[in-house]
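# curious how this folds, go ahead:
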Amino acid sequence: MYNIENPFSTNGIDEGIHLLQAKMIREGYNYYDDLQGDQAPLAILTFSIFEGNVLACRYLSYFLFIISSIFLFLIAKKFGKDVALVTLLIISLDFTLLRESRLASLDLFSATLLCISSFFFLSYIEKNCVVNLALSAIFFSLSLLSKIVPVFFVLFPLFYLFLRKKNMKHGIIYIFFFITPLLTIFLIFSPHQLIEGVLLRQAHRGFDFYSKLSLLVFIASCFIYLFAIRKWDIKNEKISYLVAWVLLILIPLLLQGRTFQHHFVYISYPLAMLASIALHENWDKKRRSILAVFIAFNLFLMVFFIFTAPKDLAYDVADEIKNITDENDLVISGNPLVNVIANRPAPPNLTNLARYHYPETTLNDINYWLEKNETKIIVLYYHLYEIERLRDYLNESREWYLYDRIEGKGQVLFYGISMKFSKDVYEIYVKR
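Sure thing, here's the model as predicted:
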């Protein structure tokens, strides 16, 4: 948890969006109607309990990472104690999970619940206990209510119960407990709000082929997972579950419009187990050496990225804003984390200023709020720099002036095969 206030993940803009929305939900805004949310609601509603507090929500993510690792260890113990220990070692060094555990991450939140669900389903396979089946269904449903990435994986339990085991009674029990949390969420949001927010707004993000290359970045650090690529005995029910866990999430991820490295946290868990099982089938000197290289390489990455992460400039920008605004003044910021840290609200339809967002934010949307008396500051950062004529409008306006420009080191990014710090630039415009 060292230096967790300064994450090195480039997923940080999403974190700011979700925490600002969580904060404003706590203040009474509707996630879908007012804030135009485009994710499943459970994780964000949970963050709203903490009022979107940055450190509190990051500590929650780290706690969830620990919980998921414990449940993964318990799953792997079903294949042997040695397999479980190596699985735990691998997952604790997974670079993608390390990144997400230092953010308030929807993906990690959902993946943790899926890991818990998997423990109970594999326990059901072993013992045929209905309690395990019911708990598995509940946690799977909660995982989908946090983020819908693993939605196709639900096909495996249904296939297993209805077709492989031909157990109609247990299949119906699974469906009942699976839909119970879904029905409960209807007490907060209508079916129309959920369909529009979770499905329709996600469908307008377009397709980016190059984003699929993030799979290579994922594998580059976790090359040990390549041991999971082999011919598995899918007649073994537990093995078939792990293989389905990987494929029924990975394939839809690669087929969806955009795929980013943080999405792969869902398959880190089964890949760690499958790799450990494969390693132990022929536990020779060569494989022990490969594992040692993996450990050394990822320990280096962990230490390097955690200790070289620069101070997040969002804290400095937030301090400036707190000094020159009142609590109820509206602030438009290209990095919503600034609003959260400064404890200043944003216009409700401008909480998500990401590049890939539907409906797309236009110059007219921003100008509407710039003309409102309660809007006192706009902070140009990230996508706000890309909105055509916005900066010209501010510079030409008699109502707005450039108050300060803050710049410094940003995230560690890859430029081709070279790695260096990006440059973060914030321009603070204040209403006269």
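# which residue is nearest the centroid of this protein?
Asp107 (3.0 Å; C-alpha atoms, centre = their mean).
# CA atoms only: put the longest strand along the chain into CSV for me.
Counting by DSSP state E, the longest strand found in the chain is strand 400-415. The C-alpha coordinates for strand 400-415 follow below in CSV (Å, rounded to 0.1, in the frame of the first residue of the first chain):
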residue,chain,number,x,y,z
TRP,A,400,-12.7,34.0,-18.2
TYR,A,401,-8.9,34.3,-17.7
LEU,A,402,-6.0,31.9,-17.3
TYR,A,403,-5.3,31.8,-13.6
ASP,A,404,-2.5,29.2,-13.5
ARG,A,405,-0.8,26.5,-15.5
ILE,A,406,0.6,23.5,-13.6
GLU,A,407,2.7,20.9,-15.3
GLY,A,408,5.0,18.1,-14.3
LYS,A,409,5.6,14.3,-14.5
GLY,A,410,2.6,12.2,-15.3
GLN,A,411,2.2,8.4,-15.7
VAL,A,412,4.9,6.0,-17.0
LEU,A,413,4.0,5.2,-20.5
PHE,A,414,5.4,3.2,-23.4
TYR,A,415,6.4,5.0,-26.6
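# report the mean confidence score over that strand.
In this model, strand 400-415 has a mean pLDDT of 82.
# so which bits of whichever helix or strand comes after it are buried?
The helix or strand immediately downstream of strand 400-415 is strand 418-431, counting by DSSP states H and E. By 16 or more other C-beta atoms under 10 Å, the buried positions in strand 418-431 come out as 424, 426-431. Yep, even glycine has a C-beta here, placed from its N, CA and C like the rest.
# got the angle between strand 418-431 and strand 400-415?
Orientation check (axes from the mean of the first three to the mean of the last three C-alpha atoms, to 10 degrees): strand 418-431 against strand 400-415 gives 170 degrees.
# partners of strand 418-431 in the sheet?
Strand 418-431 pairs in its sheet with strand 375-380 (antiparallel), strand 400-415 (antiparallel), by DSSP bridges.
# what's it in contact with?
310, 313, 317, 320-321, 324, 335, 338, 375-381, 385, 391, 394, 399-413 (C-beta atoms under 8 Å, 6 or more residues apart in numbering).
# what distance separates that strand from the middle of the whole chain?
In terms of C-alpha atoms, centre = their mean, to the nearest Å, the centre of strand 418-431 is set 23 Å apart from its chain centre.
# ok, now stretch 26-42?
17 Å.
# same deal with stretch 330-348?
Taking mean C-alpha positions (C-alpha atoms, centre = their mean), stretch 330-348 and its chain are 20 Å apart.
# same deal with stretch 277-295?
On the basis of C-alpha atoms, centre = their mean, stretch 277-295 sits 30 Å off its chain's mean C-alpha point.
# report the buried residues of that stretch.
277-279, 287, 291, 294.
# now do the helices in the stretch 51-200 of the chain.
54-76, 81-92, 95-101, 106-127, 130-146, 155-159, 168-185, 191-194 (DSSP state H, counting those that start in this stretch).
# reformat those helices as a markdown table; add mean pLDDT.
Below are these laid out as a markdown table (pLDDT from 0 to 100):
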| stretch | mean pLDDT |
| --- | --- |
| helix 54-76 | 97 |
| helix 81-92 | 97 |
| helix 95-101 | 91 |
| helix 106-127 | 97 |
| helix 130-146 | 98 |
| helix 155-159 | 97 |
| helix 168-185 | 96 |
| helix 191-194 | 92 |
